[in-house]
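> Quick one: sequence plus predicted model below, questions after.
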Amino acid sequence: MKQWVNCFVLALAFAPSLLFAQADTGKASLQIIHADVFRFERTGLREVQYLSRDVLVRHRATYLLCDSAVIDSNIVIAMGRVRIVEGDSLQLFGDSLYYDGQERVADLTGGVVLKHREQQFFTEALHYDLKTRTAHFNSGGMLLSDEARLKSKKGYYHASTGQAFFKDSVVVLLRDSMTLISDTLLYETRLRQVIFKGPTMIEQDSLRIFCDEGYYRIEAKEAHFGNFPEYANGSQRARARSIYHDAGRRVVTLIDEAYLRDDRQEAWADSISLNEFTGDVRLFGNAEYVEGARILRGQQIEYNRRTKSLRVRGQPKVLESGRWIQAMALDYDGGRDLGIATGAVVVSDSADGYSIVCDSFSYNKKDKRFYAAGRNRRPYIALKFEEDSLYLAADTLLSQRLVTPADSFQQIHAWGDVKILHRSWRGRCDSLYFSGVDSSFLLFGRPVLWADSSQLTGDTAQLVLEHKALKDLLLYPGAFIINREVAGVDNQIKGRTVHARFAEKRMRTLEVAGNAESLYFIRDDASGFVGANVIQCSQMEFVFNEERKIRHIDFFTKPTGTMLPVHEGLLRKLEGYLPRYGERPETLESIVVWP
């Protein structure tokens with residue numbers, strides 16, 4: 001009976017405060033939901049409540065749980081297994097709590113943990129503002145999520161936006177083994193995005209990036225680095241005003257003043273895109289790409305490092321196998337070893353000593369073969385000959401490298417109204433072949449050559465070079481030479497073959513063999529021409545002096561001769577006589593224009 005009375009008295013003692021706490025339902029007031037032990041102290045109008053064992057207090061929509069608490073008006077001091085529950089997704093844990101219900105701010109200390117959706121935050125001291133739903137820390141903290149682990153000395157977490165701000169000695173470990181070390185960083189938990197707001201170092205395997213600003217999208221594995229970041233990945237180095245890195249697709253994009261290099265390549269452009277998975281490299285704006293002996297320049301370059309295929313636009317200039325190619329557009333298929341350049345094409349080959357101008361140019365690298373054609377103008381090739389340029393134009397030009405056990409040589413084929421222009425020589429034929437084996441030109445199809453006032457023809461003409469100068473000239477069969485001293489006066493020489501030998505850019509001898517015949521006008525310095533000498537023999541040889549004049553003529557095997565008056569000589573024409581001086585090209589324009 002006595003025990004029951006003591007309990008009743010104790011209940012009466014506590015009854016006023018319990019009834020008061022539960023009855024006050026104002027939104028700004030604290031509401032005690034549960035406590036195993038409750039007592040209070042009242043001094044005047046001030047009341048301090050002491051709660052212990054399974055304490056549960058509510059303030060607005062927020063619940064506080066702890067082992068013990070002291071409530072003084074709207075101030076709560078809680079200790080032991082402190083827990084704050086806000087809504088259905090945010091919870092705070094700690095060893096102790098100071099809560100200001102009037103300001104709605106909470107300060108937790110000792111093993112503090114904030115849990116919000118998939119995020120967990122750990123620190124030793126945390127200030128949480130329930131009005132703004134923002135948690136601040138200044139004594140070091142770590143945020144854990146499914147994708148990342150973030151650490152710093154200070155920062156905040158905004159529960160409404162899901163943004164976490166980290167400052168001072170920030171370290172981020174991502175699920176894909178990427179590490180970020182930063183001064184200032186923002187983590188958007190909902191977007192799964194890390195934003196760099198200060199000096200930041202990014203590391204992953206051999207990847208190293210240093211930047212002042214940028215972001216990294218964790219799920220997409222996409223990153224942007226701004227303000228001229230420093231980029232290194234193995235032997236690869238890059239710089240630009242901005243760099244985009246797509247780790248999922250293995251694509252790196254450099255924007256503005258872009259530069260890229262590694263142990264195989266070097267590139268400059270306004271922007272560069274590198275696909276490490278496919279090997280594609282794309283450059284845009286003032287682009288230049290170098291890989292080994294290959295150099296590409298243009299406004300737009302697309303290049304594959306594996307297949308060696310390329311596409312260049314915007315006045316490209318390409319160095320391929322020691323050969324510069326300029327054009328309006330250029331494509332090369334590495335699988336087929338086929339390149340095509342179009343539009344105002346200029347090709348320069350310093351190794352073989354020639355250049356080509358055409359409208360379209362097809363080539364392969366292995367055989368060093370090319371095919372040149374023209375639409376607006378006929379293609380032509382320029383060769384170094386006797387310290388000057390020799391121009392050769394045709395409807396079509398083809399060249400290929402000839403490989404022998406001892407060496408390799410270039411061959412050139414020309415078809416369709418071939419024309420030759422040189423300071424000392426002119427020429428024309430239907431087709432032409434040049435062999436680098438003996439450095440000789442072969443002219444076929446009514447070939448004709450002009451040198452000064454002389455015209456040389458034959459069924460075939462052959463020019464043999466030595467040290468890029470004429471060494472031998474051969475005409476066979478049906479060789480015929482016309483030397484026009486003045487209009488209407490043509491000296492004539494014919495035979496089965498003609499062989500002219502040259503040295504130091506001068507003709508030394510001229511040998512005519514096989515039914516040799518000549519008609520030569522005799523000149524008297526005082527009275528002009530005095531007659532025409534007609535000679536037949538099996539062979540004749542002309543020997544020239546240093547002034548390029550005939551020193552003497554030798555006739556072999558029963559020569560016969562007749563002296564004719566001038567008027568009869570003018571009427572006499574040797575068989576095969578056909579002057580073609582009207583066909584002689586005089587300018588570069590005359591050999592490249594379509595008829």
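Structure's in. What do you need? On a predicted model such as this, the values are computed, not experimentally measured, just so you know. Numbering: from 1, shown residues only.
> beta partners for K494?
With DSSP bridges as the criterion, K494 is bridged to F480, E517.
> okay, now it: neighbour count?
25 (other CB atoms under 10 Å). For every residue, glycine as well, the C-beta is placed using N, CA and C.
> Now do it against A406, distance only.
Using CB to CB, to the nearest Å, K494 is found at 40 Å from A406.
> and if you look at Y476?
From Y476 to A406 the distance is 28 Å (CB to CB).
> Of these two, which one has the most company?
Under the criterion of other CB under 10 Å, the comparison of Y476 against A406 puts Y476 first, with 17 against 6.
> Just give the closest residue to that one, not the sequence neighbours.
T497 (4.2 Å; CB to CB, 6 or more residues apart in numbering).
> so the one you found touches L510, yeah?
No - with contact defined as CB atoms under 8 Å, T497 does not reach L510; the gap is 11.3 Å.
> quick one: L64 and E86 touch, right?
No - counting by CB under 8 Å, L64 sits too far from E86 to count as a contact (10.1 Å).
> okay, these two: which has more neighbours?
Taking other CB under 10 Å, L64 and E86 do not tie; L64 has more neighbours (25 against 18).
> ok so, going back, neighbours around the residue nearest to Y476, how many?
Neighbour tally, T497, other CB under 10 Å: 18.
> ok, now how distant is it from I356?
Taken as CB to CB, the span from T497 to I356 is 33 Å.
> likewise H552?
44 Å.
> again, but for M201
Taken as CB to CB, the span from M201 to I356 is 52 Å.
> try T161
From T161 to I356 the distance is 65 Å (CB to CB).
> Kindly report the same for P477.
From P477 to I356 the distance is 33 Å (CB to CB).
> The two: which has the busier surroundings?
More crowded of P477 and I356, by other CB under 10 Å: I356, with 23 against 12.
> My read is that the more buried one contacts Y380, right?
Yes - between I356 and Y380 a contact is recorded at 7.3 Å, counting by CB under 8 Å.
> which residues are in contact with both of those two?
Overlap between the contact sets of I356 and Y380, as judged by CB atoms under 8 Å, 6 or more residues apart in numbering, is given by L397.
> How far off centre is the helix or strand containing I301?
Following DSSP states H and E, one finds I301 within strand 294-304. The gap between where strand 294-304 is centred and where its chain is centred comes out at 5 Å by CA atoms, centre = their mean, to the nearest Å.
> Identify the neighbouring strands of the very next helix or strand once past that strand in the sheet and state each direction.
Using DSSP H and E, the helix or strand that follows strand 294-304 towards the C-terminus is strand 310-313. Taking DSSP bridges as the criterion, strand 310-313 sits next to strand 294-304 (antiparallel), strand 329-333 (antiparallel) in its sheet.
> tell me the mean pLDDT over the following helix or strand past strand 310-313?
Following strand 310-313 in sequence order, the next helix or strand is strand 317-320 (DSSP H and E). When pLDDT is averaged over strand 317-320, the result is 89.
> what sits up against strand 317-320?
In contact with strand 317-320 (CB under 8 Å, 6+ apart) are residues 293-298, 310, 312, 324-326, 330, 332, 339, 341, 363, 365.
> just the buried members of those residues?
294, 296-298, 310, 312, 324-326, 330, 332, 339, 341, 363, 365 (16 or more other CB atoms under 10 Å).
> any idea how far stretch 196-209 is from the chain center?
On CA atoms, centre = their mean, the centre of stretch 196-209 falls 25 Å from that of its chain.
> after the helix or strand containing G343 comes which helix or strand?
Using DSSP H and E, G343 sits in strand 338-349. Where DSSP H and E defines the elements, the next helix or strand beyond strand 338-349 is strand 354-364.
> now the helices: where do they sit in the protein?
Under the criterion DSSP state H, helices of the chain are mapped to 2-23, 566-571, 588-592.
> The residue lying closest to T557 once chain neighbours are set aside - how many residues pack around it?
Spatial nearest neighbour of T557, excluding adjacent residues (CB to CB, 6+ apart): S538 at 3.8 Å. For S538, the neighbour count with other CB under 10 Å is 16.
> pretty sure S538 contacts F556?
Yes - between S538 and F556 there is a contact at 6.0 Å, judged by CB under 8 Å.
> about what we covered before: can you redo the strands paired with strand 310-313 as CSV with distance to F210 and mean pLDDT?
Shown next, in CSV, are these (distance: least, CB to CB, whole Å; pLDDT from 0 to 100):
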stretch, distance to F210, mean pLDDT
strand 294-304, 27, 94
strand 329-333, 36, 95
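> Figure out which of those is closest to E547.
Among the strands paired with strand 310-313, the nearest to E547 by CB to CB is strand 294-304 (49.4 Å).
> now what about that closest one, what contacts it?
With CB under 8 Å, 6+ apart as the criterion, strand 294-304 contacts 269, 278-291, 308-320, 330, 334.
> One more pass at 7 Å, please.
Residues from elsewhere that reach strand 294-304 (CB atoms under 7 Å, 6 or more residues apart in numbering): 279-285, 287-289, 310-320, 334.
> mind saving the C-alpha coords of it as PDB?
Taking Å, rounded to 0.1, in the frame of the first residue of the first chain, the C-alpha atoms of strand 294-304 are listed here in PDB:
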ATOM      1  CA  ARG A 294      54.000  13.000 -92.400                       C
ATOM      2  CA  ILE A 295      52.900  16.600 -92.100                       C
ATOM      3  CA  LEU A 296      49.300  17.700 -92.500                       C
ATOM      4  CA  ARG A 297      48.100  21.400 -92.700                       C
ATOM      5  CA  GLY A 298      44.700  22.800 -93.400                       C
ATOM      6  CA  GLN A 299      41.600  24.300 -91.900                       C
ATOM      7  CA  GLN A 300      40.100  20.900 -91.100                       C
ATOM      8  CA  ILE A 301      42.000  17.700 -90.600                       C
ATOM      9  CA  GLU A 302      40.600  14.200 -89.900                       C
ATOM     10  CA  TYR A 303      43.200  11.500 -89.300                       C
ATOM     11  CA  ASN A 304      43.200   8.000 -88.100                       C
END
